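Enquirer: Need coordinates for the following:
(chains A and B)
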There are 2 protein chains.
Amino acid sequence: MAGEERKLAHGAERIDFQTEPARYRHWKLGVDGGEVATLTMDVDENGGLYEGYQLKLNSYDLSVDIELADAVQRLRFEHPQVKVVLLRSGKDRVFCAGANIRMLAGSTHAHKVNFCKFTNETRNGIEDSSQNSGQRFICVVNGTAAGGGYELALAADHIILVDDGSAAVALPELPLLAVLPGTGGLTRVTDKRLVRRDHADVFCTTEEGVKGKRAVEWRLVDEVVPNSRLETAVAARAQELAAKSHRPLGEAGIALTPLERRITPDSRDYKYLSVAFGRGERLATLTLRGPDAPPPASIAEMAAQGAAFWPLALARELDDAILDIRLNEVDLAALVFKLVGDGEAVLAYDRFLDLNRDHWLAREIRLKWKRVLSRIDLTSRTLVALVEPGSCFAGTLAELVLAADRAYMLVGQRDGDNRPPATLALAEPNFDAYPMANGITRLTSRFLGREAPLDQAYAAIGRPLDAEEAESLGLVTFALDDIDWEDEIRIFLEERASFSADALTGMEANLRFGGPETMESKIFARLTAWQNWIFQRPNAVGQEGALRRYGTGQKPVFDTKRV
Amino acid sequence: MAGEERKLAHGAERIDFQTEPARYRHWKLGVDGGEVATLTMDVDENGGLYEGYQLKLNSYDLSVDIELADAVQRLRFEHPQVKVVLLRSGKDRVFCAGANIRMLAGSTHAHKVNFCKFTNETRNGIEDSSQNSGQRFICVVNGTAAGGGYELALAADHIILVDDGSAAVALPELPLLAVLPGTGGLTRVTDKRLVRRDHADVFCTTEEGVKGKRAVEWRLVDEVVPNSRLETAVAARAQELAAKSHRPLGEAGIALTPLERRITPDSRDYKYLSVAFGRGERLATLTLRGPDAPPPASIAEMAAQGAAFWPLALARELDDAILDIRLNEVDLAALVFKLVGDGEAVLAYDRFLDLNRDHWLAREIRLKWKRVLSRIDLTSRTLVALVEPGSCFAGTLAELVLAADRAYMLVGQRDGDNRPPATLALAEPNFDAYPMANGITRLTSRFLGREAPLDQAYAAIGRPLDAEEAESLGLVTFALDDIDWEDEIRIFLEERASFSADALTGMEANLRFGGPETMESKIFARLTAWQNWIFQRPNAVGQEGALRRYGTGQKPVFDTKRV
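Expert: Down below sits the predicted model:
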């Protein structure tokens, strides 16, 4: 398979998702205290993640998107005054050439798939910010936006294309590379931009893309503007969108300080999270810790805690750990979630956030949890929750039980362990705060199309449920006593590790998302699954395929069978 | 790739989708004139489609499903009195072992994918019959129903499992073969049966399946019944479901007589349809002919015409041609639809069917068109409609324009051709009769989320639209005059044939289905796309993969990377 040998640049041993504006190589985050921020893409050709390619023409790899994701987070938490973000290019007459083709051609299948997944999540994050946090995005396309470049524009609320006779938007993946636009392009063109499907067909098979008036008529962009009027138009649109924003006035942001992490070859230790890799069993055990203090007395106190505020700190740590495992630990088959702490203390934080749900920062923290949990749903590893004495699966943290492919709960106590039996507790946010990518909560998904069990679960809010009750309410898969616990779970995890990794990915991607679909879930299912298929097909990735042949002067050789 | 060399059995040169009960080798259709029919699966081990495997334990290949699809059609048209269909096994203590593993292991990727697509369509047809034609299905599982066997049961309205200590339902594909249940199983388990997702996880990873009480508790079956009470229970359920059916009383069915076909290596000629293969250009031109007489004066006259009634005859011919191309002509890249006839005559038939829309036979014919058009949407070839002078793209037949990835319409007349310019006309059925797999009409899909163009199209009902007007209403992609026509279309088709077949399949599967999803569309998108991916992965189909190693005594060797 292509790219197995590729080395991370600068001798790095793992991909790190933590960064900050001072370290950006590819983006500039311009925030001057006003309502409008500018996020400028100016990719450093030599700043790629791996050795062996240059990021010309604002093309990108994962390292570029890691910075973008970071900037979008910081805009939400650190800059509450920002109502509009301009996405711009720092290159003259070039917006963005999309994902770097050499990078793609030389990447492993696993890297390609996980790269696309992360870039999709980043763009969904932009839309989430617009929809739920009132930070609207305007994309200023000053030159050609091709492939992932146009897909970045598609994530914005408003696309302005320069009308200079050459600037165009394009999705040239199919004619050029024999793959699909991999970052939501096909779905957003039809479902968000509402481009007519036959126009979309023409657009997606036209290498040079569409420019000028036709780009507007076909709804591919919102307006085309000559260079001479560009800045006036951008300012006008920014003002219009800012006027509609519900961002708070006069609030100070909180700094997303660097995560404290201790990294060893077989573990990661954060403040509220420890990750241990069991390489023999091919699993990662994630132990999350509950709060070490009661919730703050006021919003002001929460703001003063900033990034140290327990729910925010844990969410950021968990997000980092999941991404780390996805990209750096592809051989692990299962993620086992364990919790340590006091369920009542967790519920107290949930009540605090509920009480202050209209405050911008409390809302941001909930939205952050929504995205982290969604990232977990979309992680192609078996998800297991073990509910044991001393754990705190309550409220927000009970979502981990509901996200799991299977949850096991210990009945009663363990021999030689005097802690009280494990309990599990639901809270209001389990019923509304954390919709999955398909738009429904994990509880609604669990009891799809059935009201009675959902009503029963709602009636149980706040009550610590023992294993039998949790099982009878349908909240855990199996309640086991101490005699069976060890063997049952060992056998399950061994069995899981013995199954085909691909088949598990496909099965879990289906069973986790029963019921409705949204644009977001369609991007991860319909579109991504087809792309994954194509990423396996010789027409794209074979020795004579288009990705390999690109730029060699040789035409690709295709198997012509339509399957 | 596996199976390229496999030969069709009995020296057949192509797969034929036409059959009739007298020729069935695998099913018995028992209709005694009463309300309850029995469809008995009793697979002839030696009746497989290809050489090289035996269909043991009621396992099946495409030949078995072709008969099932035929029987389901005949029940609808030939047996209006039937209100309930019992799906039963003719084997002792075995219901159905699912798709034959040797067949799968030795099949080409293209055959596997198209086999799954057809079996899915057959099961959707069963559900369509239940939902829209009042023929309800009861599946009597007298022994183990595994894999595709259980997926057949899942298509029924009611599943009765024998409680004999060994009969079980199972989806053993993942643990046994490293593939997914490929005929809608994962989606139907969560979305139709409403099985809890963690129970579904356990079920789909348990090779031996689930039996007895747990099968009911987990909603996998509707009831378990000991053998001694089986026939009583079946009769009771049949009576209950029959009582709720709206099937007509005292109506005579019409015989689905054999299609008249003339088959040559490069063409198919039916009464109202000619198919010409342009192998050099890798396209099939399908020329459909309008009616050769006005619609009948009455329902009785329509019934007397039976299968010769133009809309029904054409639908059956078109269905046969599409299936023929899908399975036998995998190298063709595009289907070009042309029509010959009088648009007003087509509209007259539409009005006749509208007027009689509550009559069972008129409804069946509309539903047949719905399924044929849906089959076209799901065909992985580029769909092109050419609207030229002398054509009759009107009403039902205008759906071919709306189904096309692109539609071209000629402006004005051709040099030396005195026929009037082409027109296109919409009718009521374009707005309600033919929902796609995703539950919305092709027009709604075309104008997704936009009411104005849909309203404008509605206002144009019945009016012959010339090319400019059709283009301005957004009904065709391009209106071209005679000067550009030839070159534009030639270049488009050449270009299309030059693109990667796989990438086109993925792109079209996305662009054709903007907007909402249904269980049916999820089966074809989310589930099938993942399955196609897995069907490419070495863990399943490699030399050491599970499909190849099955039954050899050797364990498969898996790449453990989770992607």
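Enquirer: Got the phi and psi for the closest residue to residue A:387 other than its chain neighbours?
Expert: Distance criterion Cβ to Cβ, 6 or more residues apart in numbering or on different chains; nearest residue to residue A:387, sequence neighbours excluded, is residue A:409 at 3.9 Å. Just so you know, the C-beta spots here come from the backbone N, C-alpha and C atoms, and that holds for glycine as well. Phi and psi for residue A:409, reported as degrees, to the nearest 10, are phi -130, psi 130.
Enquirer: How many neighbouring residues does residue A:409 have?
Expert: Residue A:409 has 29 neighbouring residues, counting by other Cβ atoms under 10 Å in any protein chain shown.
Enquirer: Please apply the same query to residue A:318.
Expert: Look at residue A:318: counted by other Cβ under 10 Å, it has 24 neighbours.
Enquirer: Mind telling me what element it is part of?
Expert: Element membership for residue A:318 (DSSP states H and E) is helix A:310-328.
Enquirer: Output that helix as PDB - backbone C-alpha positions only.
Expert: The C-alpha coordinates for helix A:310-328 follow below in PDB (Å, rounded to 0.1, in the frame of the first residue of the first chain):
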ATOM      1  CA  TRP A 310     -13.400  21.000  35.100                       C
ATOM      2  CA  PRO A 311     -15.900  20.300  32.300                       C
ATOM      3  CA  LEU A 312     -13.900  22.300  29.800                       C
ATOM      4  CA  ALA A 313     -10.600  20.900  30.900                       C
ATOM      5  CA  LEU A 314     -11.900  17.300  30.600                       C
ATOM      6  CA  ALA A 315     -13.500  17.900  27.300                       C
ATOM      7  CA  ARG A 316     -10.300  19.300  25.800                       C
ATOM      8  CA  GLU A 317      -8.300  16.500  27.200                       C
ATOM      9  CA  LEU A 318     -10.600  13.800  25.900                       C
ATOM     10  CA  ASP A 319     -10.700  15.400  22.500                       C
ATOM     11  CA  ASP A 320      -6.900  15.400  22.300                       C
ATOM     12  CA  ALA A 321      -6.700  11.800  23.400                       C
ATOM     13  CA  ILE A 322      -9.300  10.600  20.900                       C
ATOM     14  CA  LEU A 323      -7.500  12.300  18.000                       C
ATOM     15  CA  ASP A 324      -4.200  11.000  19.200                       C
ATOM     16  CA  ILE A 325      -5.500   7.500  19.200                       C
ATOM     17  CA  ARG A 326      -7.200   7.900  15.800                       C
ATOM     18  CA  LEU A 327      -4.100   9.000  14.000                       C
ATOM     19  CA  ASN A 328      -1.200   7.600  16.000                       C
END
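Enquirer: Which other helices and strands does it contact?
Expert: Using 3 or more Cβ pairs under 8 Å, 6 or more residues apart in numbering or on different chains; DSSP states H and E, the elements in contact with helix A:310-328 are helix A:109-133, strand A:273-278, strand A:283-289, helix A:343-355, helix A:360-377.
Enquirer: if we can go back for a sec, give me the beta-bridge partners of the residue nearest to residue A:387?
Expert: In this entry, residue A:409 is beta-bridged to residue A:387, residue A:479, by DSSP bridges.
Enquirer: Please verify my assumption that it contacts residue A:473.
Expert: No - between residue A:409 and residue A:473 there is no contact under Cβ atoms under 8 Å: 11.2 Å.
Enquirer: The residue nearest to residue A:393 when sequence neighbours are not counted bridge partners, please.
Expert: Distances taken as Cβ to Cβ, 6+ apart place residue A:424 nearest to residue A:393, at 4.7 Å, with adjacent residues excluded. The partner list for residue A:424 in beta bridges (DSSP bridges) reads residue A:393, residue A:465.
Enquirer: got the contact list for residue A:424?
Expert: Shown in contact with residue A:424 (Cβ atoms under 8 Å, 6 or more residues apart in numbering or on different chains): A:343, A:387, A:393, A:394, A:398, A:401, A:409, A:464, A:465, A:470, A:475, A:476.
Enquirer: So how do I select the buried members of the residues you listed in ChimeraX?
Expert: In ChimeraX, this line selects whichever of the contacts of residue A:424 come out buried by 16 or more other Cβ atoms under 10 Å in any protein chain shown:
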select /A:343,387,393,394,398,401,409,464,465,470,475,476
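Enquirer: Quick check: phi and psi at residue A:546.
Expert: Per degrees, to the nearest 10, the backbone of residue A:546 is at phi -70, psi -40.
Enquirer: how about residue A:47, secondary structure?
Expert: Look at residue A:47: counting by DSSP: H, G, I helix; E, B strand; the rest coil, its state is coil.
Enquirer: Hmm, residue A:26 and it touching each other?
Expert: Yes - using Cβ under 8 Å, residue A:47 makes contact with residue A:26 at a distance of 6.1 Å.
Enquirer: helix, strand or coil for the residue of chain A positioned farthest from its centre?
Expert: Distance from the C-alpha centroid of chain A peaks at residue A:416, with 41.8 Å (Cα atoms, centre = their mean). With three-state DSSP as the basis, residue A:416 sits in coil.
Enquirer: Check the gap between it and residue A:422 for me.
Expert: Plainly put, residue A:416 is 16 Å away from residue A:422 if you go by Cβ to Cβ, to the nearest Å.
Enquirer: Residue A:45 now?
Expert: Taking Cβ to Cβ, one finds residue A:45 at 54 Å from residue A:422.
Enquirer: Show me which of the two is the more surrounded one.
Expert: Counted by other Cβ under 10 Å, residue A:45 and residue A:422 do not tie: residue A:422 has more neighbours, with 28 against 15.
Enquirer: if I've got this straight, that one is in a helix?
Expert: No - read with three-state DSSP, residue A:422 is coil and lies in no helix.
Enquirer: Enumerate every residue touching it.
Expert: Residues in contact with residue A:422 (Cβ under 8 Å, 6+ apart) are A:387, A:388, A:389, A:390, A:391, A:393, A:409, A:410, A:466, A:467.
Enquirer: Columns distance to residue A:103 and pLDDT on top of those residues, output as TSV?
Expert: As requested, the contacts of residue A:422 are arranged in TSV below (distance: Cβ to Cβ, whole Å; pLDDT from 0 to 100):
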residue	distance to residue A:103	pLDDT
A:387	42	98
A:388	43	98
A:389	48	98
A:390	45	98
A:391	42	98
A:393	40	98
A:409	44	98
A:410	46	98
A:466	52	98
A:467	49	98
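Enquirer: Name the member of these with the most neighbours.
Expert: The member of the contacts of residue A:422 that has the most neighbours, counting by other Cβ under 10 Å, is residue A:393 with 34 neighbours.
Enquirer: Please tell me I have it right and that residue contacts residue A:400.
Expert: Yes - between residue A:393 and residue A:400 there is a contact at 6.7 Å, judged by Cβ under 8 Å.
Enquirer: I'd like to know how far the residue most central in space within chain A sits from chain B.
Expert: Geometric centre of chain A, nearest residue: residue A:121, 3.3 Å, by Cα atoms, centre = their mean. Here residue A:121 is placed at a distance of 16 Å from chain B (Cβ to the nearest Cβ, to the nearest Å).
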